[in-house]
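S.K.: Coordinates only, no sequence provided:
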């Protein structure tokens, strides 16, 4: 089955065309036929990139007014002479990344009228994400009327958390009436890397207790007990938990109230601050890109050094917390842009985990960039691995499973 995976943001589109089947999933040889992205959707100088398997990457700039035109641009390249598809109708299914599934969705589902209404209702909980994700659905439904459409939720993996992990210390009516609770995000990534780790060991995810660390521009840690998420660092929104590129992570609510009283824009001003101006970017007065911050730190910039230290300290805190919650972990996994590529960040985090018996193999750690690799010695009581995430592949597989009626593993 050829599945088009769409990830629509407020001004961006990422897409992959993936060929998958029951046999390919079993053998882990699904094929990425093409992938690409459109940045600055809604502008006259949108950037379009596209690459077919085995071909050179194409790049160009042009006006792209909305998501429908962005998806049409993707189709035009996919179906160009000699392209990945002979016709748009060769796409048999579309898998959509949907950020928030609330308590309504515990797994991926085919989108029908009822599902669509529920996702639209949940836009109140994710006003920056769900409406944008749905733009891709409406556009692809119009352009591909015969294709099945499937929603894959960032939150669904964490719906196995027990009440002790997801309830906040607020009057219970706020949970019942307003659905205020911890939801957690990055679930697709945490689910994928835990599955991949088990596969590498020829076992099942249910055989392990794992702590997975998705470290990128957005960051989260997850405690996985025999295949089920029992706690995660992100909360009601993706702002909570770890320090991130532009988000603060843990912060005293009193500090937010204090700043809101002093901000002339009130809640809107705080939303802008906490989503776009805080985190690594706020501490360093830079873009929040860890690569730049590490370079500045190495050059002696103290604010950059402090930002790296805070970042690693928070990761160590959550790993330690979840090792306690799990009563021990069989392995710790790093993924995401920082987790997969920064040996320096991994080393600093592992230095704070010697109490767990973590014994870093420095050479293995330095060589582990963007590939599956164990980075601890054989004597290490708690193994630490780098596992590159592949959320698009998991979305394609979930889409196939939903349509074929195959239970999710």
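M.R.: Happy to help now that I have it. This one's a predicted model, so the numbers in the text were calculated from it and none came from an experiment.
S.K.: which helices and strands sit right next to the longest helix along the chain?
M.R.: For the chain, the longest helix by residue count, based on DSSP state H, is helix 302-325. Here helix 302-325 touches strand 209-215, strand 219-225, strand 228-232, helix 279-284, helix 290-298, helix 343-351, going by 3 or more CB pairs under 8 Å, 6 or more residues apart in numbering; DSSP states H and E. Quick note: C-beta positions are derived from backbone N, CA and C, even for glycine.
S.K.: Let's see that with 10 Å instead.
M.R.: strand 209-215, strand 219-225, strand 228-232, helix 279-284, helix 290-298, strand 331-335, helix 336-341, helix 343-351 (3 or more CB pairs under 10 Å, 6 or more residues apart in numbering; DSSP states H and E).
S.K.: partners of the third one, with directions?
M.R.: Yep, that's strand 228-232 we're talking about. strand 219-225 (antiparallel) (DSSP bridges).
S.K.: buried set for stretch 254-272?
M.R.: 256, 260, 270, 271 (16 or more other CB atoms under 10 Å).
S.K.: With adjacent residues omitted, what lies nearest to residue 342?
M.R.: Spatial nearest neighbour of residue 342, excluding adjacent residues (CB to CB, 6 or more residues apart in numbering): residue 290 at 6.4 Å.
S.K.: who's in contact with the residue minimising distance to the centre of the chain?
M.R.: When CA atoms, centre = their mean is applied to the chain, the residue found nearest the centroid is residue 186 (3.8 Å). Neighbouring residues of residue 186 by CB atoms under 10 Å, 6 or more residues apart in numbering: 99, 154-155, 157-158, 212, 214, 216, 218-222, 232-234, 238, 335-336, 389, 391.
S.K.: For residue 174, which of the helices and strands packed on helix 302-325 is the nearest?
M.R.: strand 228-232 (20.3 Å; CB to CB).
S.K.: just the angle between that closest one and strand 209-215, please?
M.R.: 50 degrees (axes from the mean of the first three to the mean of the last three CA atoms, to 10 degrees).
S.K.: okay if I get the helices and strands packed on helix 302-325 as TSV plus mean pLDDT, distance to residue 72 and mean neighbour count?
M.R.: Shown next, in TSV, are the helices and strands packed on helix 302-325 (pLDDT from 0 to 100; distance: least, CB to CB, whole Å; neighbours: other CB atoms under 10 Å):
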stretch	mean pLDDT	distance to residue 72	mean neighbour count
strand 209-215	98	32	27
strand 219-225	98	34	27
strand 228-232	98	37	22
helix 279-284	97	34	22
helix 290-298	96	34	17
strand 331-335	98	33	26
helix 336-341	96	29	22
helix 343-351	98	40	20
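S.K.: Same list, these, but as JSON lines with distance to residue 14 please.
M.R.: Below are the helices and strands packed on helix 302-325 laid out as JSON lines (distance: least, CB to CB, whole Å):
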{"stretch": "strand 209-215", "distance to residue 14": "17"}
{"stretch": "strand 219-225", "distance to residue 14": "19"}
{"stretch": "strand 228-232", "distance to residue 14": "23"}
{"stretch": "helix 279-284", "distance to residue 14": "22"}
{"stretch": "helix 290-298", "distance to residue 14": "20"}
{"stretch": "strand 331-335", "distance to residue 14": "17"}
{"stretch": "helix 336-341", "distance to residue 14": "14"}
{"stretch": "helix 343-351", "distance to residue 14": "24"}
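S.K.: Let me know the outermost residue of the protein.
M.R.: residue 81 (33.9 Å).
S.K.: Doesn't that residue belong to a strand?
M.R.: No: counting by DSSP: H, G, I helix; E, B strand; the rest coil, residue 81 is not part of a strand but coil.
S.K.: do you know how far it is from residue 380?
M.R.: 54 Å (CB to CB, to the nearest Å).
S.K.: again, but for residue 135
M.R.: 46 Å.
S.K.: ok, now residue 313?
M.R.: 21 Å.
S.K.: okay, those two: which has more neighbours?
M.R.: Neighbours per residue, other CB atoms under 10 Å: of residue 313 and residue 380, the larger number sits with residue 380, 20 against 15.
S.K.: That one reaches residue 361, doesn't it?
M.R.: Yes: Residue 380 is in contact with residue 361 according to CB atoms under 10 Å; the separation is 7.9 Å.
S.K.: Quickly list what's touching both of the two.
M.R.: 350, 374.
S.K.: The residue lying closest to residue 350 once chain neighbours are set aside and residue 24, how far apart?
M.R.: Using CB to CB, 6+ apart and skipping the chain neighbours, the partner closest in space to residue 350 is residue 360 (4.5 Å). To residue 24, residue 360 is 36 Å away according to CB to CB.
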